[in-house]
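**Student:** quick one, structure for this:
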Amino acid sequence: LRLLAFVLAFAAPALASAQDAASAAKPLTVEDFVEPATWSKPVLSPSGAMVAIVRTENGVDALEVIDLQTRKGKILFRTRAPVKREQQQNLVQRISYLHWKTDSQIVVTVDTPASVGDFLVKEILEASLHILISPDGKTQTLLNEKNAGKASAQLILSDVIDVLPDDPDHLLMIYYSSNYAEADKVDVHTGAHTKLDGGRDVVGYQVDRKGNLVLRFVELSETAMIVQGRAPGETQWRKLFDVNKKTVKALEGFEVLDIGPPGVVYVAANPATPAEGA
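**Tutor:** Below is the predicted model of the structure:
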């Protein structure tokens with residue numbers, strides 16, 4: 001919120017019209033507090049010279065990059081307006097993730113409604129498009145499309161695990177197929193994949209600060225999961241602990257905030273008694 005306030009204040013000449021300034025002087029209403037955010041996900045470029053931000057108007061997200069020296073903004077990408085059926089199911093195309101890879105590349109994840117099923121029964125789900133965009137908007141690369149440009153092109157379900165800030169040429173992504181998932185290092189120039197790990201029923205990974213895969217999550221059922229771990233340089237996973245209904249219930253009073261020093265996790269916890277504070 002502080003970063004967003006700074007960005008909007010600093011870039012006001014480029015972003016606000018006279019009408020915006022006039023409306024800002026009016027007292028805030030209850031509706032102002034409950035409406036979806038107009039500006040969100042501000043992210044400074046590695047050099048600090050630019051900021052990428054999402055502006056939402058009438059259900060459409062626009063990715064804008066603002067040069068903080070000239071105060072000028074440029075819209076690089078817009079989501080499409082929802083069709084009637086998507087509106088009925090409260091599904092819209094939206095930008096859900098934004099991260100600078102380098103000063104010349106922005107990683108953008110766009111959650112997109114997609115129809116699945118046969119011609120009799122169709123269900124709309126959200127599928128993620130992972131796009132690499134240059135700040136001038138001239139280069140856009142889809143990172144999770146198989147057989148791009150061909151009639152057999154198809155979207156591969158995937159997630160970005162880590163942007164690997166110390167490796168300007170690669171991203172770390174997880175790709176899903178049936179009951180199997182694998183972690184790949186993806187070349188940002190060619191789109192080539194190098195498999196690092198994979199397994200049946202794998203649903204996620206976590207990395208250390210250097211981008212090493214150190215945690216793996218394996219789903220046993222809808223109510224149970226195994227968390228596996230390994231040290232950097234190791235190839236074999238070992239079980240760390242199980243997560244089940246009992247574990248989840250015990251964690252209901254906590255909100256994980258961040259990872260601290262080795263062995264420390266910061267959480268917000270509900271106090272057991274009033275004496276413990278709020």
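**Student:** who does the residue nearest the centre of the chain bridge with?
**Tutor:** In the chain, the centroid-proximal residue (Cα atoms, centre = their mean) is Tyr97; its distance is 3.0 Å. Assessed by DSSP bridges, Tyr97 has beta-bridge partners Thr109.
**Student:** isn't it right up against Val160?
**Tutor:** Yes. Counting by Cβ atoms under 8 Å, Tyr97 touches Val160, with 6.6 Å between them. Heads up, the C-betas are built off the backbone N, CA and C, glycines and all.
**Student:** shared neighbours, those two?
**Tutor:** Here Tyr97 and Val160 have 107, 109 as joint contacts, going by Cβ atoms under 8 Å, 6 or more residues apart in numbering.
**Student:** where along this protein do the helices fall?
**Tutor:** 2-10, 12-15, 18-24, 30-34, 84-88, 245-250 (DSSP state H).
**Student:** the nearest residue to Gln228 once chain neighbours are set aside and Ala49, how far apart?
**Tutor:** Spatial nearest neighbour of Gln228, excluding adjacent residues (Cβ to Cβ, 6 or more residues apart in numbering): Trp237 at 4.0 Å. Distance, Trp237 to Ala49, by Cβ to Cβ, to the nearest Å: 41 Å.
**Student:** which one of those two is surrounded by more residues?
**Tutor:** Trp237 (19 against 14; other Cβ atoms under 10 Å).
**Student:** in contact with the more buried one, which residues?
**Tutor:** The contact partners of Trp237, by Cβ under 8 Å, 6+ apart, come to 216, 228-230.
**Student:** mind running it again at 10 Å?
**Tutor:** The neighbours of Trp237, taking Cβ atoms under 10 Å, 6 or more residues apart in numbering as the test, are 197, 199, 202, 213-216, 218, 226-230.
**Student:** dig out what the nearest residue to His170 once chain neighbours are set aside forms beta bridges with.
**Tutor:** Nearest residue to His170, sequence neighbours excluded (Cβ to Cβ, 6+ apart): Lys185, at 4.8 Å. In this structure, Lys185 bridges to Leu172, Thr194 when assessed by DSSP bridges.
**Student:** list the contacts of Lys185.
**Tutor:** The neighbours of Lys185, taking Cβ under 10 Å, 6+ apart as the test, are 161-162, 164, 167, 169-173, 192-196, 211.
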